[in-house]
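Asks: No sequence on hand, only this structure:
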Ligand SMILES: Cc1cc2nc3c(=O)[nH]c(=O)nc-3n(C[C@H](O)[C@H](O)[C@H](O)COP(=O)(O)O)c2cc1C
């Protein structure tokens, strides 16, 4: 596997942007409240993956964010004590696949702590990209990234990837959605995706 030529920059301390302590509220379990409030934020669901040893290591992540277009940078926040954070740093590159509504089993499997070594792993594929990273076949969209920065962010690290290649599915699948702690394959999103697929199928010059 070719490592991307950009050196990774590690930023152990987050920059101080301001003093948020003036907003702190006393006497509450803030982490619980943050978790409860954040569950109301609907996200897509991704699988971040690296090649590790002879195989693949992947995890379910909904912290995916597009950070910049020029240069093209995306990020995922991974738990500092988790395996993925170290495997991404070792590999120097990673893939991100945005799951479709029919791929909930990928999200469930790759969120399990005891998933490694299991024979029933949902299949990943490695395209002929440089760097070569594992991706979910049939995903809605994918990003092939070289690791460019690691920012310490509380108990997570923000892994910033320079996008070297990305693509979208030829079929217009609706994305999987995570809301209120549940996976949802929204019927309205599926209808919208079907509509877009019909638009793509229209003969050129047609207005219908
Ligand atoms: C919907 C969903 C989203 C998740 N998003 C993240 C995430 O963004 N970052 C993270 O570190 N873990 C996330 N997790 C938890 C990890 O998938 C899980 O803890 C995994 O076992 C960690 O693997 P690792 O030990 O290889 O790091 C998410 C789990 C679910 C179900």
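Replies: Sure thing, it's come through. Only a predicted model underlies this, so the values are computations on that prediction, with no experimental measurement involved. Numbers count the residues shown, from 1 in each chain.
Asks: Give me the secondary structure label for residue 161.
Replies: Here residue 161 takes the strand state, with states given by DSSP: H, G, I helix; E, B strand; the rest coil.
Asks: Now name the helix or strand holding the closest residue in space to it that isn't next to it in sequence.
Replies: Excluding the flanking residues, the one nearest residue 161 by CB to CB, 6 or more residues apart in numbering is residue 145, at 2.7 Å. Using the backbone N, CA and C atoms, a C-beta is placed for each residue, glycine as well. Taking DSSP states H and E as the definition, residue 145 sits inside strand 141-153.
Asks: Relative to that strand, what are the paired strands and their orientations?
Replies: Here strand 141-153 is paired, per DSSP bridges, with strand 9-11 (parallel), strand 93-98 (antiparallel), strand 156-168 (antiparallel).
Asks: right, and the residue nearest to residue 161 touches residue 94 too?
Replies: Yes: if you go by CB atoms under 8 Å, residue 145 and residue 94 touch, sitting 5.6 Å apart.
Asks: Overlap in contacts, these two.
Replies: Common neighbours of residue 145 and residue 94 (criterion: CB atoms under 8 Å, 6 or more residues apart in numbering): 133, 161.
Asks: quick revisit: wait, what's in contact with the residue nearest to residue 161?
Replies: Taking CB under 8 Å, 6+ apart as the criterion, residue 145 is in contact with 74, 93, 94, 95, 96, 133, 161, 162, 163, 164.
Asks: residues in the chain within reach of the ligand, list them.
Replies: 45, 59-63, 76-79, 82-84, 107, 111, 113, 178 (CB under 6 Å from any ligand atom).
Asks: for the protein, what spans make up the strands?
Replies: Here the chain has its strands, by DSSP state E, at 9-11, 43-44, 46-52, 55-61, 65-68, 73-79, 93-98, 125-126, 134-135, 141-153, 156-168, 177-179, 182-184.
Asks: picking that back up, list buried members of the residues of the chain next to the ligand by neighbour count.
Replies: 45, 59, 60, 61, 62, 63, 76, 77, 78, 84, 107, 178 (16 or more other CB atoms under 10 Å).
Asks: The first one contacts residue 184, correct?
Replies: No: shown here, residue 45 and residue 184 do not form a contact pair, counting by CB under 8 Å, at 9.9 Å.
Asks: Are there residues contacting both of the two? Which ones?
Replies: Counting by CB under 8 Å, 6+ apart, the common neighbours of residue 45 and residue 184 are 176, 177, 178.
Asks: ok, the residue in the chain that the ligand sits nearest to - contacts?
Replies: Distance from the ligand to each residue of the chain (CB to the nearest ligand atom) is smallest for residue 82, at 2.6 Å. Neighbour list for residue 82: residue 59 [criterion: CB under 8 Å, 6+ apart].
Asks: Could you pull up phi and psi at it?
Replies: Per-residue torsions, residue 82: phi -80, psi 170 (degrees, to the nearest 10).
Asks: can you tell me the average pLDDT over stretch 187-205?
Replies: Confidence for stretch 187-205, expressed as mean pLDDT, is 65.
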